[in-house]
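Enquirer: coords please:
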Amino acid sequence: MNNHQTIEKLQQMRLKAMAGLHHRYMNENQYQDLTADQYLALLVDHEWEDRQNKKIDRLRKAARFRQKASLEEIDYAQQRNLDKNTFHRLGTLDFISRKENIIITGASGTGKSYLAQALGYQACNMGLRVNYAITARLLKKFKLSKVDGTYLKDLQKLLKCNLLILDDFGLQAFDNHARETLMDIIDDRYNKTSTIIASQIPVSAWYDIIGRGPLPTQYWTVSLTPHTVLT
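Expert: Numbers count the residues shown, from 1 in each chain. Got it, this is the predicted structure:
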């Protein structure tokens, strides 16, 4: 069997990254200093890394983030009132494995969305499913799904996400439909998956906005000062 046939079979088996690397090494004679085991490991690692990168890209696209964010680029300047140790602990994503939630509050422009999405990007990098949504838009979508009969199906879809990010929480008043939907979402996810809520509204004022009792108490709280500058 010649190398051309080998490459064709690798491609037919959808091992395209492996096929591409094998083709390059054959053309450039770069395999001669490697043992058979080393060369096989090299091809397999290359295919695995390619698939992992593609999976991460798919997860990021499916999350529908509003901006690209990274934990490494977070500004921990003193005026931000953001504890570096606490956020590094959150960056390990242990809170997701413990089914805990996070509330990020602060004035407009303090970087709440960036912090939430940075954690979302980290979750995607770890192979987890994330859904980022502007709260009002998500609730409107669910209001329409009640009309077309897909409400329960959409709730199940949301439950499959390891991390739900509700951004701009409380900027619009909750009517009865929005209030019931929010409670359905929180109740479904409670003790099963994790949710991050980013809001300009302090938690103490949420009762007036929602019109019912508080959200589940298993959460971390990150409060930002008005002097925060977006990274």
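Enquirer: how about the strands in this protein?
Expert: 101-105, 130-134, 163-167, 194-199, 219-223 (DSSP state E).
Enquirer: mind checking which of those is nearest Leu15?
Expert: Closest approach to Leu15 among those is made by strand 130-134 (28.2 Å; CB to CB). Placement of C-beta: from N, CA and C, glycine included.
Enquirer: with just CA atoms, put that closest one into PDB.
Expert: This file holds the C-alpha atoms of strand 130-134, laid out as PDB (Å, rounded to 0.1, in the frame of the first residue of the first chain):
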ATOM      1  CA  VAL A 130     -22.600  27.500  27.600                       C
ATOM      2  CA  ASN A 131     -25.600  29.700  26.700                       C
ATOM      3  CA  TYR A 132     -25.100  33.500  26.900                       C
ATOM      4  CA  ALA A 133     -28.200  35.600  26.600                       C
ATOM      5  CA  ILE A 134     -29.500  39.100  27.300                       C
END
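Enquirer: strand partners (parallel or antiparallel) of it?
Expert: Next to strand 130-134 in the sheet, as set by DSSP bridges, lie strand 163-167 (parallel).
Enquirer: need the contact partners of the strand it pairs with.
Expert: Contact with strand 163-167 is made by 66, 96, 112-113, 116-117, 119-120, 123, 128-135, 138, 158, 185, 189, 193-198, as judged by CB atoms under 8 Å, 6 or more residues apart in numbering.
Enquirer: quick check: end-to-end length of stretch 146-154?
Expert: One end of stretch 146-154 to the other measures 10 Å (CA to CA, to the nearest Å).
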